[in-house]
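Novice: can't give you the sequence, but here's the structure:
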């Protein structure tokens with residue numbers, strides 16, 4: 001059983017150059033949508049669409065960065081650690097490994113989940 005609800009859609013998403021660039025760049029360090037747009041060479045609306053899709057699969061996370069002038073923004077970071085693809089008799093099984101921040105792991109520990 002795959003832990004991905006729509007393996008074909010995930011494969012299509014990972015086949016997209018913009019999505020792959022976002023994952024690579026946001027793994028190096030957290031980046032804003034504007035920075036990701038510059039690095040991927042696409043418009044910010046395109047980046048936001050890819051970020052939405054990547055977020056659906058838990059592959060990226062956004063953290064709000066407060067700014068003193070009140071115009072907060074998000075920095076996006078890659079949560080994807082790896083993807084395992086196994087061939088079974090009934091089809092493919094995809095397992096996604098995600099990386100969490102220490103604060104997220106600690107919160108889950110305290111909450112007992």
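Specialist: Arrived safely, thanks for sending. Fair warning: this is a prediction, and the values are worked out from it, not measured in the lab. Numbering: from 1, shown residues only.
Novice: so residue 85 touches residue 94, yeah?
Specialist: Yes. Using C-beta atoms under 8 Å, residue 85 makes contact with residue 94 at a distance of 5.6 Å. Every C-beta, even on glycine, is put in place using the N, C-alpha and C of the backbone.
Novice: Looking at these two, which has the bigger crowd around it?
Specialist: residue 94 (16 against 11; other C-beta atoms under 10 Å).
Novice: contact partners of the helix or strand hosting the more buried one?
Specialist: Applying DSSP states H and E as the criterion places residue 94 in strand 91-98. If you take C-beta atoms under 8 Å, 6 or more residues apart in numbering as the criterion, strand 91-98 is touched by 1-4, 7, 10-11, 57-59, 79-87.
Novice: In helices only, show me these.
Specialist: Cross-referencing the contacts of strand 91-98 against helices under DSSP state H gives 7, 10-11.
Novice: Save those as TSV, and put in distance to residue 45, neighbour count and pLDDT too.
Specialist: As requested, the ones in helices among the contacts of strand 91-98 are exported to TSV (distance: C-beta to C-beta, whole Å; neighbours: other C-beta atoms under 10 Å; pLDDT from 0 to 100):
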residue	distance to residue 45	neighbour count	pLDDT
7	27	16	81
10	22	20	90
11	24	14	89
